[in-house]
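S.K.: next come a sequence and a model predicted from it.
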Amino acid sequence: MSQEILRVQKISGHAGSVPGEDTQRQYTVCKLIDTTTCIGCKACEVACMEWNDLPFGETVFDNTYQTMPETRWNYWNLILFNEHEREDGTLMWLMRKNQCMHCADPGCLAACPSDGAIIQYTNGIVDFQQEKCIGCGYCITGCPFNIPKFNKETKRVYKCTLCTDRVSQGLEPACIKSCPTGCLHFGSKDDMKFLAEQRAKQLRDHYNFPNAGVYDPPGVGGTGVIYVLHDAKQPELYGGLPKDPSIPLSVKLWKGPLKWLGNLAMVGGLIGLFVHYLRYGPKDREVEVKEPHEGAQP
Amino acid sequence: MSEHADQILPHGRVLRYPFLERANHWLAAISYIYLLLTGLAFWSPWLFWLAWLMGGAQISRTLHPWVGLFFFYAVMRMYGYWAPQMHTAEVDRQWWRSLNHYIQNEDDKMPPAGRYNAGQKALFWSFFYGAIVLLLTGIVLWLPEYIPWNLRWLRYLCVFLHPVAALFTIANFMIHIYMSVFAERGAFDSVIHGDVSLEFAKRYHPGWYAELIRRREAAASRK
């Protein structure tokens, strides 16, 4: 974790290179969530709202302990509850703290057309800059985790910032600070990965969870939020955590080959038409050219 | 005296586009140019400055869908005005086969086009179908927050199809501008003042010209 001002590494909708990119090395930060020791107390939900000064909205009761069905523009941190029945008939109460995953390869940033509306700091935090957001909602389409949420009044999109303001001052995010069981950890990606693997091994070796593992999906280049799961083979059980998330194919095609083909076709078309005009000219040119000649003929 | 299409005017001119058709064309043209410039701003970071030119990116994002509705309305009006004249005829198939002569300005070697040649018909239909695809996909892009998570494939589809349809219309648009402003003199005038010379009709639309003359003679013989 760095004490210095956060430096930008990636910028959405930006033509050209990123100013200051790679001039200084910063630790990639990471939040580790151990779902096996989460008790669903929602202290992190409250801490998130308090620190980020988010206005509180109505909760939705649907016969579970879950505060609402999914995160909102003003509710960035939500524990998802699932009562899972195992093959032997016993109950497992799965709880997963859901928030922005801070992907190394963020789909929101790839899809965003507005220069600088979404940035990734060199420490890996993906942050929305609402003053540059144009409210197109492409980030909603780019995200494989259903995280960016649109505010209909401000016409801007919001999500978890991983408390960039706190992290830039050397503090841990608010959710981490509030956790009473120690299931949340914050540090460098390498350290968190090590800790997570250690815990997963413990679960496999001593707690009879042979499928325990770490969720750090490679499809989005790894994430700045990683989970320890009792059953890493079925992440879907944890409130629909996608098994192999990636930027949607259509977004990749649109921002990749289609853009280059389209640009090539448009520039090629302009050049083609210009060359045609030089080579053949307007259709009735010979009228102008011939008529004075015809008049001059005896 | 009310004007009507194909009306023969004094000084060897003929009315090709009555007032309402012209006005509708410019509703479509102005809205399309706005959509093109703001759309290109969202298409590539290299063109994002266009959004600032158009009054700012937030305003562009807000107005683009509404202007799109005007564009769609105008294209549907065009369908009402011109669709009956846009069906492919045998002469159009010959026209496509002689395309290289058309490109090389050898219009005397072209089959006699009617009121619209095959290229203009293709333009018409590409904008008609293009506008439908752009509207349907555009509505999804307009209000992405109303598309529930389990229908996200709709967003994935539309985010790709919208630019594809737009590029398709841009190709047609570029040729349309080139033909009407640079290649066929008199064409641009006709969509402002409505009339073309009979020479223009004879040169670019011989089938239409023959029809005009035939009708004029039929009218004269009735008197």
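M.R.: Now that the structure is in, tell me what you want to look at. Numbers count the residues shown, from 1 in each chain, chains lettered A, B, ... in the order given.

S.K.: from chain B, how far off is A:P257?
M.R.: A:P257 sits 11 Å away from chain B, going by C-beta to the nearest C-beta, to the nearest Å. Any C-beta I mention is one placed from the backbone N, CA and C, and that applies to glycine too.

S.K.: burial count for that residue?
M.R.: Neighbour count for A:P257, taken as other C-beta atoms under 10 Å in any protein chain shown: 10.

S.K.: quick one: it from B:P111, how far?
M.R.: Computed with C-beta to C-beta, to the nearest Å, the distance linking A:P257 and B:P111 is 38 Å.

S.K.: what residue is smack in the middle of chain B?
M.R.: Using C-alpha atoms, centre = their mean, the residue of chain B that lies closest to the mean C-alpha position is B:F124, 5.3 Å off.

S.K.: and the strands in chain A, which stretches?
M.R.: Here chain A has its strands, by DSSP state E, at A:8-11, A:29-34, A:78-85, A:91-98, A:118-121, A:126-128, A:149-151, A:156-158, A:184-188, A:213-215, A:225-229.

S.K.: so which of those strands comes closest to chain B?
M.R.: strand A:149-151 (3.8 Å; C-beta to the nearest C-beta).

S.K.: need the contact partners of the closest one.
M.R.: With contacts defined as C-beta atoms under 8 Å, 6 or more residues apart in numbering or on different chains, strand A:149-151 is touched by A:71-74, A:135, A:137, A:140, A:156-159, B:144-145.

S.K.: correct me, but the residue nearest to the centre of chain B touches B:H87?
M.R.: No: taking C-beta atoms under 8 Å as the definition, B:F124 is not a contact partner of B:H87, at 10.3 Å.

S.K.: and the helix or strand encompassing B:W208, C-alpha only, in PDB?
M.R.: Using DSSP states H and E, B:W208 sits in helix B:206-222. These are the backbone C-alpha positions of helix B:206-222, laid out as PDB (Å, rounded to 0.1, in the frame of the first residue of the first chain):
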ATOM      1  CA  PRO B 206     -34.200   8.300 -69.400                       C
ATOM      2  CA  GLY B 207     -37.000   6.000 -68.400                       C
ATOM      3  CA  TRP B 208     -38.600   8.700 -66.300                       C
ATOM      4  CA  TYR B 209     -38.100  11.300 -69.100                       C
ATOM      5  CA  ALA B 210     -39.800   9.100 -71.600                       C
ATOM      6  CA  GLU B 211     -42.700   8.600 -69.200                       C
ATOM      7  CA  LEU B 212     -43.000  12.400 -68.700                       C
ATOM      8  CA  ILE B 213     -43.000  13.100 -72.500                       C
ATOM      9  CA  ARG B 214     -45.500  10.300 -73.100                       C
ATOM     10  CA  ARG B 215     -47.800  11.700 -70.400                       C
ATOM     11  CA  ARG B 216     -47.500  15.200 -71.800                       C
ATOM     12  CA  GLU B 217     -48.400  14.100 -75.300                       C
ATOM     13  CA  ALA B 218     -51.300  12.000 -74.000                       C
ATOM     14  CA  ALA B 219     -52.500  15.100 -72.100                       C
ATOM     15  CA  ALA B 220     -52.100  17.300 -75.200                       C
ATOM     16  CA  SER B 221     -54.000  14.800 -77.400                       C
ATOM     17  CA  ARG B 222     -56.900  14.800 -75.000                       C
END
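
S.K.: and that helix, what does it pack against?
M.R.: helix B:198-204 (3 or more C-beta pairs under 8 Å, 6 or more residues apart in numbering or on different chains; DSSP states H and E).

S.K.: tell me how many other residues crowd B:A220.
M.R.: 8.

S.K.: likewise B:D6?
M.R.: B:D6 has 15 neighbours, counted by other C-beta under 10 Å.

S.K.: residues contacting it?
M.R.: Counting by C-beta under 8 Å, 6+ apart, B:D6 has contacts B:V14, B:L15, B:R16, B:L212, B:R215.

S.K.: go again with 7 Å.
M.R.: B:V14, B:L15, B:L212 (C-beta atoms under 7 Å, 6 or more residues apart in numbering or on different chains).

S.K.: let's have those residues in TSV, adding pLDDT and neighbour count.
M.R.: Listed next are these as TSV, based on pLDDT from 0 to 100; neighbours: other C-beta atoms under 10 Å in any protein chain shown:
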residue	pLDDT	neighbour count
B:V14	93	21
B:L15	94	18
B:L212	92	19
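
S.K.: from the residues you listed, pick the one nearest chain A.
M.R.: Nearest to chain A among these, with distances taken as C-beta to the nearest C-beta, is B:V14, at 16.9 Å.

S.K.: mind checking the SS state of that closest one?
M.R.: strand (DSSP: H, G, I helix; E, B strand; the rest coil).

S.K.: right, and it touches B:V196 too?
M.R.: Yes: using C-beta atoms under 7 Å, B:V14 is in contact with B:V196, at 6.2 Å.

S.K.: list the contacts for the residue nearest to B:L157 when sequence neighbours are not counted?
M.R.: Leaving aside its chain neighbours, B:L157 sits nearest to A:S250 (6.6 Å; criterion: C-beta to C-beta, 6 or more residues apart in numbering or on different chains). Contact analysis of A:S250 by C-beta under 7 Å, 6+ apart lists B:Y156, B:L157, B:V159, B:F160.
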